[in-house]
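Novice: kindly generate the corresponding structure for this input.
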Amino acid sequence: MLKKSVPLHEHVAKKSCDLSSLNVENAVPMLHACIEALNIVPADQALPILQCMRIVVPKLYRSEESLCVKSLDLAWKVVVDLNSNQLRFWPTLSAFVHIAFHHQLLGITEECPIRVKLKEIISKLLNISQSKTGVFNVLIIHCCQTWLSPGSGTNDSLPNSFMSAEHHVDLFVEACLFGPVFRKDQRLIQDVHTYIELLGDDCTANMATENENRDDQSVRIWAINFLCQLNASNLLHRKFMENLVKKLLEKEDELRNTKGRYYVNSMMHRLKNRIWQTLLVLLPQLDKVFLIGIIETVFRSGLSDNQASVKYLIEWFIILVLQKCPEFIDSFWKCFSYNPDSSKTSICTFLAILVHINVILKNIFEKGQYLKKALSVILPWCLNHNFSVRLYALLALQKVWEACLQSKLEGEELKFLEPIIESCLEQVGQKQTTGNAGRNWQRIQDHFFFGKFQPVEDYSLETIFYIFPSLSDVIEDEWIPAWKFSRIVDLFPFSSSVNVFNLGNQFHDMKATDWVQQDKGHGLSDIDQDTDWTDVQKKIMPWKNNIPDQHLKLLHQERATVFGRSTNSTLIVVASLIDKSTNLGGLCRTSEIFGASALVVSNIHCVNDKQFQALSVSAEQWLTVIEVRPDQLIDYLQQKKTEGHTIIGVEQTANSQDLAHYSFPDKTLLLLGNEREGIPANLIQHLDVCVEIPQCGIIRSLNVHVSGALLVWEYTRQQMMKQSVRP
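Specialist: Okay, here's the model as predicted:
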């Protein structure tokens, strides 16, 4: 019996120093006492109890499984209750993680209540970490330190520590891909945290709070540093890395086949970028036998739709694989055999790889057969109808031909091809200073991936996680500076297998250029007709390049006057349901031309997308663009209703009105549907009216940009007619 004069949690705490020597029989009543204490004491006083459980639970998880599960549930409730108490939350969470993820509990392989409970806890921690910075950090740091403890993989005190990692590869996948997309206010908080962190020990806050609790990038930093500690010569390490690669490629395949939103810096873009960054880190540890099983999957990834940063990483990965295993080169040629009409400029990915032919063939003594094959593969693409494909093909041709000359290749076929190739490259050189074709030829040669980048010499964490993202239109949230890796690598027992810092400094003064690889060739449409490399039509420069900023507002007012309307336009075009950047860019251009007051999109960052800008031609700089996510649309529509707007849906419904006979109110809000699904049923009930465009043909519907443009023009036409009849 416990004395009433001694609080239960104090009694438990006093006994904790002797718990390490407890046998199972004595541990059972102690765990009962802990459970009773957790039911009584306030959450902010429960830390000593959790410290006691940290020793007791691992002794009983097999013999008293249900009791251990109950204790974990109560301990988790304490953590949740302290969520708003910053002073108590972090040490309590750390104590809980040390209980639930003790190396003995991590080593459970059979499906049992404890293992099920651990999966549930992981899910809850991941869920909280999406809104509370630093939660996942505590878990992944604990796991990394447990799996790479001094006895890991030896006959010391923790011989099975790393063995348990094999059963938690899914958790590690989450760590490698972790990083929520922050709102503007959350990003500001992160920037302040980084600034404070850089102040070092001179700032009191850095002494009071651990850095890992303030930086969501630390999850990936710890995960990547952990991977850099592994050694393929260790069977357990190799098996873990191979399983991780398979899981990452499965995730990449899942993303590739999903119909989610894939615009620049979207969540899907970020995830694919993180996948290939992690794969690049693991590549040196993968042997040829394993690579044989994944190389086709890698090639398929190169053919898929990808943002520029992802393409560069895939290309880098393939270049290093081909150098490491030259026997894969024969399989690589098959990538050029796909239907060119279906792959379009995805072929640019493989042509870009051939630009680095010297790196690929570096370890091959007899290069002749590979160089001749490369020439035969590249030359047909130099005549492709797509301008960007021709541009990449010519660059690859130039590099491969230089390699041929350096190798002093001989043969009848080369004598036959030599005047053709020399003439082609000479013509390209003459056009470097004339027209759009010449300018783009110069741009692609100056691009970092084809200019200063060296796939082998520049292989480092700094290049993968900082230099590449910063030079390929990836949002700054995704840039991880090398000093963050360096700060943590010293906490691990071994030296890193990958250089943290880039050995060269050729990238230090480089900035992102306006040349960005795009699968569909957007951004080159104005020069795609330049098949003969002659002068092309010169477009008018955007106003912002010719007229001082202080006059922009005046010009906008003058344009509104031409349409007979004030600058306080009352037409709002809502495009939050639209996925494709090209449609959004076209709508932005149309809305600006016809004087709409605002364009509403689901993500304001879409205006930075190169495909968007190719269609908008700077319209976003003249038009108010507002962010309203799809899940916020109902509230937004209701707000606009109260402000007097008529909510009009562009949709075919049972009661929709014919556009030819519909009269638009002055204050109109046009809601456009998704490209595939249209306007969801839950939004249709919030509309005042649906308007449909009369059709004469067989096809069911128009492209959403075309539909929106027709209604915007009809609204503008009616407003101009009203203005013309006013006295």
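
Novice: now do the contacts for the spatially most central residue of the chain.
Specialist: Taking C-alpha atoms, centre = their mean, the centroid of the chain lies closest to R270, which sits 0.3 Å from it. Neighbouring residues of R270 by C-beta atoms under 8 Å, 6 or more residues apart in numbering: G179, V181, E478. Any C-beta I mention is one placed from the backbone N, CA and C, and that applies to glycine too.

Novice: top of these by neighbour count?
Specialist: E478 (21 neighbours; other C-beta atoms under 10 Å).

Novice: so, low pLDDT: which residues of the stretch 551-700 of the chain?
Specialist: Counting by pLDDT under 70, the stretch 551-700 of the chain contains low-confidence ranges at 551-569.

Novice: which strand or helix spans I572?
Specialist: strand 571-574 (DSSP states H and E).

Novice: next SSE downstream of that strand?
Specialist: Next element after strand 571-574 (DSSP H and E): helix 581-593.

Novice: and the following helix or strand past that following helix, how far out from the chain middle?
Specialist: Where DSSP H and E defines the elements, the next helix or strand beyond helix 581-593 is strand 598-601. Relative to its chain's centre, strand 598-601 lies at 24 Å (C-alpha atoms, centre = their mean, to the nearest Å).

Novice: checking the residue nearest to the centre of the chain next. Helix, strand or coil?
Specialist: Classification of R270 by DSSP: H, G, I helix; E, B strand; the rest coil places it in helix.

Novice: Three-state assignment for I275, please.
Specialist: helix.

Novice: what residues are up against it?
Specialist: I275 touches C176, L177, L248, L249, K251, E252, L255, counting by C-beta under 8 Å, 6+ apart.

Novice: for G678, what are phi and psi?
Specialist: Taking degrees, to the nearest 10, you get phi 70, psi -150 for the backbone angles of G678.

Novice: would you confirm that it contacts E651?
Specialist: Yes - using C-beta atoms under 8 Å, G678 is in contact with E651, at 5.6 Å.

Novice: ok so, going back, for the residue nearest to the centre of the chain, give its distance to T133.
Specialist: Separation of R270 from T133 (C-beta to C-beta, to the nearest Å): 17 Å.

Novice: now H103
Specialist: Taken as C-beta to C-beta, the span from H103 to T133 is 27 Å.

Novice: now the stretch 51-200 of the chain, which segments are flagged as low pLDDT?
Specialist: The low-confidence ranges in the stretch 51-200 of the chain, as defined by pLDDT under 70, are 150-160, 182-187, 189-190, 193-194, 197-198.

Novice: can you give me the end-to-end span of stretch 357-365?
Specialist: This stretch, stretch 357-365, spans 14 Å end to end (C-alpha to C-alpha, to the nearest Å).

Novice: name the residues that touch that stretch?
Specialist: By C-beta under 8 Å, 6+ apart, stretch 357-365 touches 319, 322-323, 326, 329, 353-354, 367, 370-371, 374, 396, 399-400, 403, 454-456.

Novice: what number of residues lie near N23?
Specialist: Residues contacting N23 under the criterion other C-beta under 10 Å number 8.

Novice: just checking, what packs against the strand or helix carrying P58?
Specialist: Following DSSP H and E, one finds P58 within helix 47-60. Helix 47-60 is packed against helix 8-15, helix 24-40, helix 65-81, helix 86-100, helix 103-106, with contacts defined by 3 or more C-beta pairs under 8 Å, 6 or more residues apart in numbering; DSSP states H and E.

Novice: now with 6 Å, please.
Specialist: Applying 3 or more C-beta pairs under 6 Å, 6 or more residues apart in numbering; DSSP states H and E, one finds that helix 47-60 makes contact with helix 8-15, helix 24-40, helix 65-81, helix 86-100.

Novice: mind listing the helices for the stretch 201-350 of the chain?
Specialist: 204-208, 217-229, 235-257, 267-282, 288-303, 308-324, 329-333, 340-343, 347-355 (DSSP state H, counting those that start in this stretch).

Novice: which of these sits closest to L670?
Specialist: helix 267-282 (27.4 Å; C-beta to C-beta).

Novice: what residues sit buried inside that closest one?
Specialist: Judged by neighbour count (16 or more other C-beta atoms under 10 Å), helix 267-282 contains these buried residues: 268-282.

Novice: tell me what angle it forms with helix 235-257.
Specialist: When axes from the mean of the first three to the mean of the last three C-alpha atoms, to 10 degrees is applied, the directions of helix 267-282 and helix 235-257 differ by 150 degrees.

Novice: quick one: helix 267-282 to helix 217-229, angle?
Specialist: 30 degrees.

Novice: nearest spatial neighbour of T278, skipping sequence neighbours?
Specialist: C176 (4.5 Å; C-beta to C-beta, 6 or more residues apart in numbering).

Novice: what is the neighbour count of the one you found?
Specialist: 25.

Novice: are any of the contacts of stretch 357-365 buried, and if so which?
Specialist: 319, 322-323, 326, 329, 353-354, 367, 370-371, 374, 396, 399-400, 403, 455.

Novice: of those, which is the nearest to T297?
Specialist: The nearest one, if we look at the buried ones among the contacts of stretch 357-365 relative to T297 and count by C-beta to C-beta, is L322, at 15.2 Å.

Novice: who's in contact with that closest one?
Specialist: F328, I329, I360 (C-beta atoms under 6 Å, 6 or more residues apart in numbering).

Novice: ok so, going back, tilt between the helix holding P58 and helix 65-81?
Specialist: Going by the same axes, to 10 degrees, helix 47-60 makes 150 degrees with helix 65-81.

Novice: alpha carbons of helix 47-60, as CSV, please.
Specialist: Taking C-alpha atoms only, helix 47-60 is exported to CSV below (Å, rounded to 0.1, in the frame of the first residue of the first chain):
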residue,chain,number,x,y,z
LEU,A,47,6.7,13.5,-17.1
PRO,A,48,8.3,11.5,-14.2
ILE,A,49,5.7,8.8,-14.8
LEU,A,50,6.6,8.5,-18.5
GLN,A,51,10.3,8.3,-17.6
CYS,A,52,9.4,5.3,-15.3
MET,A,53,7.3,3.7,-18.1
ARG,A,54,10.3,4.0,-20.5
ILE,A,55,12.0,1.3,-18.4
VAL,A,56,9.1,-0.8,-17.4
VAL,A,57,7.1,-1.2,-20.7
PRO,A,58,10.0,-2.9,-22.6
LYS,A,59,10.2,-5.5,-19.8
LEU,A,60,6.5,-6.4,-20.1
